[in-house]
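Student: pasting a predicted model and its sequence here:
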Amino acid sequence: MTDEFEPRIVAFLCKWCSSAGSDLAGVSRMEYPSNVLPITVMCSGSVSPLYIFSAFNKGADGVLVSGCHPGDCHYLKGNYYARRRIALVKKLLEFIGLESQRFQMSWVSAAEGKKYTQVIKDFVKEIKPLGPQTKLRRNQ
Amino acid sequence: MKKRTGVFVCHCGINIAGTVDVKKVTEELSKHPGVVHSEDYVYMCSDPGQNLIIDAIKEKNLDKVIVACCSPTLHETTFRNTIKSAGLNTFQCEIANIREQCSWVHKDMEKATEKAIKISKSTVERVLRNESLDPISIPVTRRALVIGGGIAGIQSALDLANSDFEVVLVERSPSIGGHMIQLSETFPTLDCSQCILTPKMVEVSKHPNIKLMTFSEVQDISGYIGNFKVKILKKPTYVDSNKCTLCDECTKVCPVVVPNEFDLGLTGRRAIYIPFPQAIPATYTLDINSCPGLLPIACGKCADVCEPNAIDFDMKPEIIEEEIGAIIVASGYDQYDKELMAEYGYGKYPDVLDGLQFERLLSASGPTMGKILRPSDHKEPKEVVFIQCVGSRDPELHCEYCSKICCMYTAKHAMLYKHHVHDGQAYIFYIDIRSGGKGYEEFVQRAVEEDGVLYLRGKVSKVFEDKGKLKVWGIDTLIGKDIEIDADMVVLAMATRPSNGAEELARKLKIALDKDGFLAEAHPKLRPVESVTSGMFLAGAAQAPKDIPEAVAQASGAAAKAISILCQERLYHAPTVANVNINLCTGCGMCVDVCPYDALSLKNGKAEVNEVLCEGCGTCSATCLRAAIQVKNITPLQVHEMINACLGG
Amino acid sequence: MEKILTKKSFSKWVKKLESYKIYAPVKNDDLWNYEIIDIPESIQLDYPNTVLSPKTIIFPQREIFLEFKASNEEGLEVKEILPEEKPAVIFGVRPCDAIALTLTDNVFKGDFEDPYYWKRRNQTILIGLTCNIPPSFDCFCLSVDGSPHSKDGLDILMTDLGDKYYIESLTKKGNQLINLAKDCFEEPKVTDKKDLEEIHANSEKQIKRQIKDIKKIPKKLKGMFDTPFWDKESLSCIQCGICTYLCPTCHCFDINDEVASSAPLKGKRVRTWDNCQFPDFTMHSSGHNPRPDKSSRLRQRILHKFQYFVELYENFQCVGCGRCISKCPVGIDIIEVLDKVRDYGS
Amino acid sequence: MVNVEDIKKEAIRILKEGKVKYIIGYKKSTNGSMSVPAFIESSEDVENLIWDPTCVYNLTRFLVDEKRRKAREKNPDERPVGIIVKGCDSRAIIVLLQEKFINRDDVYILGISCETTGVLDEKKLSKKLNGKKAEKVEYDEKNNFAITTADGKIKVPADEILAERCLECRANFPAINDVLFGEKVERKSDKPFESLEKIESLSKEKRWSFWKEQLDKCIRCYACRSVCPMCYCDECVVDTINFAVTADTTAEEKAQRIKWVEKSPATSENFVYHLVRAIHLAGRCIDCGECERVCPMDIPLRFLNKKMEKEAKELFDYDAGFDPDQPSLVSCFKDEDPEDFIR
């Protein structure tokens, strides 16, 4: 192991687009950092703010929520509700002084393996300089 | 009761084992609470691999299983059936995706292994809390609805009907036939479009299993796969088709003339009309929008001359309700709006035509009886310029996509033009020529070699009138020279776009559209004829631009898919649906608001789930402030524990 | 021992106590609370009451009992965590809060001696400050056997005589502290003594609020368990935890295992304050809740303080600091409630 | 200026006519100037009713109690409860209606218009009187408050001791009521989110240290939750055990209780608690300011909710508590909702 800080990112991926997109990245053997721990949910609309707070609370250095592009939602409109909810959560976290880079949302379709790879690369690149997330982390 | 989970780690040859230390994963997982068995094997999905699982379940009497292997989209079903054969409920198996989401995307063995362990642990945490569930069984109404009476709809309807299922075929215009019936001859064989289509149309009208509803529109759809309830609006034609003898007396007396849709305005028609001679059903329709008026009857001449009293001004719109098991959507296409193509003078100059208008000119039954004459002065055009990709492949200004059929029909147009006007010259401006398809490339070559069609690679910048000629400014990118042609006629291969009203229809059906407004298929490769809503299928150009053979093929595919539903006694629906804790529910109704499937409702102050409608998306559970609703087997508790496991907790 | 300490030399004295953890009231925004002091000069003793009593120092809201983790051999590795070994001095303790600690002592000793509580209790020296003027409008210490200059539970009582403090050392611990800095102190003159008595006498007159015939209340309460009285009194209660968390005598706690990781198992066992006004306080896992509503919870609070505790330890479990009155979000006034209790049915 | 006698008249009428089972209003406290909630059951008690600048409480919170009580009763009195509400409080009723927690005919609303003034901030008041005790605070003409202390009566410009929320008020008269006291006068508040700016303008790290210092004070007495009319969940995320347990709840189900937040008052846990509260109140908080008022540790909780209120307004043009028929903020969306933050 290098002593370089390796952020731990929890990624909530919707089953139909983003998770499929990450599968495509795999099938196409696109390499990206291993810092992301994917949790596949049915729809980005099912990601409760509690999941996000809890992930930070349990020590995540970053949290990603990724869903289908507007209009592409397998469930027609789940991602629109997600978009609203996540916007509020993001504003709130920034308001209490959490680095905005630590919480991000992306649209990744089943065909966008490349984009998924890019999103992860950027995410890791952006939060490495921030160091570990200790603000909301439960100190055990 | 203590949980007994078995963990099975797949090498997938070196696909996984190449970058993930499978042995370490196996060993680490064996220490995880709730895990009583952990082993690895080179190919878990192989028969011996599956047998390992079955044996372990029996020997260690496991009640839960995770398989760490490839994406669940591939082998989840395989392994769920495996444990089923060993007597476990299928939902007691979960897949940890350590290939697509791990071994294939990482190089560093140590890190990849660490990640694979976390993914597997979190999957264990999930399966530990999985309920055993049985599929929800629902009855099937063994009738199909086909929306759209074009070639695709006709094909689907006939396939279904001939397999002995009742079909309701809904067409919004007065006759079936769609765009194909407007065409002259079809590439690459140049057989007459009407000659090959009309037999099918007649078969539809005569078929005992087909209930044909023309001049009708789907108004509302409720229910779910196997059990749709469809409201169809039957617009009044004011003509009783049973009485009408097609004597055509009415049109002679009708004082109104309006552009004829069938000829795309190249000819006129009366307010009372039959779209075209071979129309099915063979009857007249009174177009209320152009008729002087019925309330009060302003004219009534048609009725006066109608011998059989077929005309009934009191005809009212009807709402007809049908019970349906499966739906095929074949709503077809329309041409790109000419208003958006001002630079080519379409709509401004009478001799700038679109593809379909030119088809009519070519058609023996067309306005000119198959002669190529300029609409403006009925002279024979000697120089005709065909422009491809009008509105297509133009992400900046128009449609990003390729309309696919234009290359071929333009070649056909040019060829047929030459067959009519031997001393004429046809020019074709193109970007690329896409002639993939059986006999297509040969067809294009024929146009060039035998009929001397002049292909110019490049785009036309402007078309304008100049001394009675249509000046066409373009550029030939091959020789890099500007080109100016004085044409007698210009034919635009307009982009193909979803038919008017497709969006509204999609909303009614609750099926998704793609970014271009075509109906979205469930999977671009593996489920090309299914919509995202189960029980609804796609056929023809409604899903993407298609030529006739493709449309017919997809139509038959959709029919087959529909049959696979209709032929069953009962259907089974995934039981991973939302579930309400009525002790916590306060009946605020937020879940009802967000449910995309109207699966939720309030029953005496508490939310209630219609398990058959619910697709388990979980948006309700994220919305609920009281944590009173959650989706089975992906509950907040499970996610909470997965987060924990992912973060080494 | 009795001494005089000029205000100038006060900080000199405190400097001499570097071997101790020093606590004193500190003002943040408009809020006074006890905090650890690094700069002796920063200590101010002209403060109204602190929001939280010194209870929080002796009996912190969160206390780690032990750490556990799965060991290589089967079973758990358990490590007890005791409060750190460091004597402490708390300045500016209000006499009522000191009495409160003597009451709480009763609870943590007896058949079982709570090591965590006593470790802190024994290594902490309480230096009181006479309330020349009441720190709160709602003080009623006189009604509950207290006084603004009570010495109970204190090691030293300081009384502000204007430019100097009158120091009354009441225990060995107290004497030790003074002996650490003999030269800071002077012998009291007769006049000082006179001033002291005056101020003490005067301080009692300043207490405006009181409960008459409080002695009658315990007996009266015995008969009131099943009366509609509590429903009425609790109508405006919102069931928050302010009254009990701020109360210097309330001492209920909960013990939880805070699991950091389930595989390998690792975590802490912690004690946190708990609160009889919370619905989950008496909730059984069966779903049955013996105190199902706020009226039964308000009743519990009153009965515990003015009946049960009296029966057990011959003392009210209330020192009249008035915190629960001043800070109640809906103005529930324990004095008013007790007055009504006293006059109930007569 | 609203005359309390008018309120009393109406109160007596509806009690005498048996229109309501009781009236929730304000009466004088026994320990000073501030008012306390009053539950008036008979026309005789009506004389206790008061209306003055100390009537800060949002009484709608007690409608939650009332609903629970009613649920427990065998054959409950179905008559409505009379309740005195200010403009802000009325918005709470609208949200409760929107969430179908109460029905319109469960309440008889005696609305009071604050007109151009409002209610006071107790902390500002005691600062103003530096420690002196107010015996009485009254509305005076020209938006002054008349304050009576031991040494006489003084006049203070209302704005100096008005509650923050009143200075930023967007609903100075009840949008919904059965009878209205006072005038429906315009109360211009061009900067409804002004107080937020002093935190928003801070740097990220400053914001963090501000909130850390504030939330570290939290002793988890849950007064903020308990006083909030919108915090009516049977089980709160911070509760460690199930409340909604019935005879047929299995041990399995009880074990399902998720410990999102530890009981320990640690930075991380306090943050999660208050973040969850803020997000759950997004689009529901109507800025009655009660959470902040009751906090014994003076945590400026209102800012958290105010921030959400601001974002709801600016991102989604959503206002809570004005229309009982609109869907909740997070149970609807617009196609044009902003997504510039999404990759």
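Tutor: All right, it came through fine. Quick caveat: nothing in here was measured; it's all calculated off a predicted structure.

Student: for the rest of this, base every contact and every neighbour count on C-alpha atoms.
Tutor: OK.

Student: ranges for the strands of the stretch 1-150 of chain D?
Tutor: Here the stretch 1-150 of chain D has its strands, by DSSP state E, counting those that start in this stretch, at D:23-28, D:35-40, D:81-85, D:107-112, D:134-140, D:144-149.

Student: if I pick B:Ser163, what's in contact with it?
Tutor: By Cα atoms under 8 Å, 6 or more residues apart in numbering or on different chains, B:Ser163 lies in contact with B:Ile563.

Student: how about the secondary structure of the nearest residue to D:Val237 once chain neighbours are set aside?
Tutor: Spatial nearest neighbour of D:Val237, excluding adjacent residues (Cα to Cα, 6 or more residues apart in numbering or on different chains): D:Trp260 at 6.6 Å. Three-state call for D:Trp260 (DSSP: H, G, I helix; E, B strand; the rest coil): coil.

Student: pull the contacting residues for D:Trp260.
Tutor: D:Trp260 makes contact with A:50, A:54, D:237-238 under the criterion Cα under 8 Å, 6+ apart.

Student: out of those, which is nearest to chain C?
Tutor: Set against chain C, the nearest of the contacts of D:Trp260 by Cα to the nearest Cα is D:Val238 (10.9 Å).

Student: for that closest one, give its distance to chain A.
Tutor: 12 Å (Cα to the nearest Cα, to the nearest Å).

Student: list the residues that contact that residue.
Tutor: Taking Cα under 8 Å, 6+ apart as the contact definition, D:Val238 lies against D:259-263, D:273.

Student: do the same with D:Val64
Tutor: D:229, D:232.

Student: okay, it: pLDDT?
Tutor: On pLDDT, D:Val64 comes in at 94.

Student: so the residue nearest the centre of chain A, which of the three states?
Tutor: Closest to where the C-alpha atoms of chain A average out (Cα atoms, centre = their mean) is A:Leu64, at 1.1 Å. Secondary structure assignment for A:Leu64 (three-state DSSP): strand.

Student: give the contact list for it.
Tutor: Contacts of A:Leu64 (Cα under 8 Å, 6+ apart): A:9-12, A:103-106.

Student: what is it paired to in the beta sheet?
Tutor: Going by DSSP bridges, A:Leu64 is paired in beta bridges with A:Ala11, A:Gln104.

Student: picking that back up, among the strands of the stretch 1-150 of chain D, which comes closest to A:Gly97?
Tutor: Evaluated over the strands of the stretch 1-150 of chain D, closeness to A:Gly97 peaks at strand D:81-85, with 35.8 Å, by Cα to Cα.

Student: distance of the nearest residue to D:Lys8 once chain neighbours are set aside relative to D:Ile14?
Tutor: Spatial nearest neighbour of D:Lys8, excluding adjacent residues (Cα to Cα, 6+ apart): D:Val46 at 6.1 Å. D:Val46 sits 11 Å away from D:Ile14, going by Cα to Cα, to the nearest Å.

Student: just D:Glu44 next, same as before
Tutor: On the measure of Cα to Cα, D:Glu44 and D:Ile14 end up 13 Å apart.

Student: of those two, which one has the most company?
Tutor: D:Ile14 (18 against 11; other Cα atoms under 10 Å in any protein chain shown).

Student: just for the chain, where's the confidence low?
Tutor: Going with chain A. A:1-3, A:140 (pLDDT under 70).

Student: tell me the contacts of the most centrally placed residue in chain B?
Tutor: Nearest to the mean C-alpha position of chain B, by Cα atoms, centre = their mean, lies B:Gln543 at 3.2 Å. Applying Cα under 8 Å, 6+ apart to B:Gln543 gives the contacts B:518-521.

Student: okay, it and B:Ala555: tell me how far apart.
Tutor: Relative to B:Ala555, B:Gln543 is positioned 11 Å away (Cα to Cα).

Student: same thing with B:Cys299?
Tutor: Relative to B:Ala555, and taking Cα to Cα, B:Cys299 is found at 44 Å.

Student: of those two, which one has the most company?
Tutor: The neighbour comparison of B:Cys299 against B:Ala555 (other Cα under 10 Å) goes to B:Ala555, with 29 against 14.

Student: so which bits of the stretch 151-300 of chain C are right by chain B?
Tutor: C:260-264 (Cα under 8 Å from any Cα of the partner chain).

Student: can you redo those residues as JSON lines with distance to B:Leu295?
Tutor: Listed next are these as JSON lines, based on distance: Cα to Cα, whole Å:
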{"residue": "C:Ala260", "distance to B:Leu295": "79"}
{"residue": "C:Ser261", "distance to B:Leu295": "79"}
{"residue": "C:Ser262", "distance to B:Leu295": "79"}
{"residue": "C:Ala263", "distance to B:Leu295": "81"}
{"residue": "C:Pro264", "distance to B:Leu295": "83"}
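
Student: so among the residues you listed, where is pLDDT lowest?
Tutor: Among these, C:Ala263 has the lowest pLDDT, at 75.

Student: tell me the contacts of that one?
Tutor: B:31-33, B:648-649.

Student: nearest to chain C, of these?
Tutor: B:Gly649 (3.9 Å).

Student: ramachandran angles for the residue of the stretch 101-250 of chain C found nearest chain A?
Tutor: Nearest residue of the stretch 101-250 of chain C to chain A: C:Tyr116, at 20.6 Å (Cα to the nearest Cα). Dihedral angles phi and psi of C:Tyr116 (degrees, to the nearest 10) take the values phi -70, psi -50.

Student: what residues of the lengthiest helix in chain A count as buried?
Tutor: Ordering each helix of chain A by length in residues (DSSP state H) puts helix A:78-95 first. Neighbour-count burial for helix A:78-95 flags A:78-95 (criterion: 16 or more other Cα atoms under 10 Å in any protein chain shown).

Student: which helices and strands does the least confident helix or strand in chain C by mean pLDDT pack with?
Tutor: Ranked by mean pLDDT, DSSP states H and E, the weakest helix or strand in chain C is strand C:253-262, scoring a mean of 89. Judged by 3 or more Cα pairs under 8 Å, 6 or more residues apart in numbering or on different chains; DSSP states H and E, strand C:253-262 is in contact with strand C:265-273.

Student: what strands line up against the strand it packs on, and which way round?
Tutor: Counting by DSSP bridges, strand C:265-273 is paired with strand C:62-70 (antiparallel), strand C:253-262 (antiparallel).

Student: now whichever helix or strand comes after the shortest one: buried residues?
Tutor: Helices and strands here follow DSSP states H and E; after strand C:62-70, the next one along the chain is strand C:76-80. By neighbour count on 16+ other Cα under 10 Å, the buried set for strand C:76-80 is C:Val78.

Student: strand partners of strand C:76-80, parallel vs antiparallel please.
Tutor: strand C:62-70 (antiparallel).

Student: which residues of chain A lie near chain D?
Tutor: Looking at chain D, the residues of chain A close enough under Cα under 8 Å from any Cα are A:49-50, A:53-54, A:57, A:80-81, A:83-85, A:87-89, A:91-92, A:94-99, A:104-107, A:119, A:135-139.

Student: who in chain D is up against chain B?
Tutor: So chain D meets chain B at D:98-101, D:233-236, D:244-245, D:256-258, D:280, D:327-328, D:330-332 (Cα under 8 Å from any Cα).

Student: wait, A:Tyr75 touches B:Gly616, no?
Tutor: No - under the criterion of Cα atoms under 8 Å, A:Tyr75 makes no contact with B:Gly616, lying 9.1 Å away.

Student: nearest spatial neighbour of the residue positioned nearest the centre of chain D, skipping sequence neighbours?
Tutor: Nearest to the geometric centre of chain D sits D:Cys288, at 3.5 Å (Cα atoms, centre = their mean). Leaving aside its sequence neighbours, D:Cys288 sits nearest to D:Cys88 (Cα to Cα, 6+ apart; 5.8 Å).

Student: ditto for D:Ile258
Tutor: Spatial nearest neighbour of D:Ile258, excluding adjacent residues (Cα to Cα, 6+ apart): B:Leu637 at 6.0 Å.

Student: and A:Ser19, what does it touch?
Tutor: A:13, A:40, A:110.

Student: now the helices: where do they sit in the stretch 401-550 of chain B?
Tutor: Taking DSSP state H, counting those that start in this stretch, the helices of the stretch 401-550 of chain B run over residues B:406-420, B:440-449, B:502-509, B:548-566.
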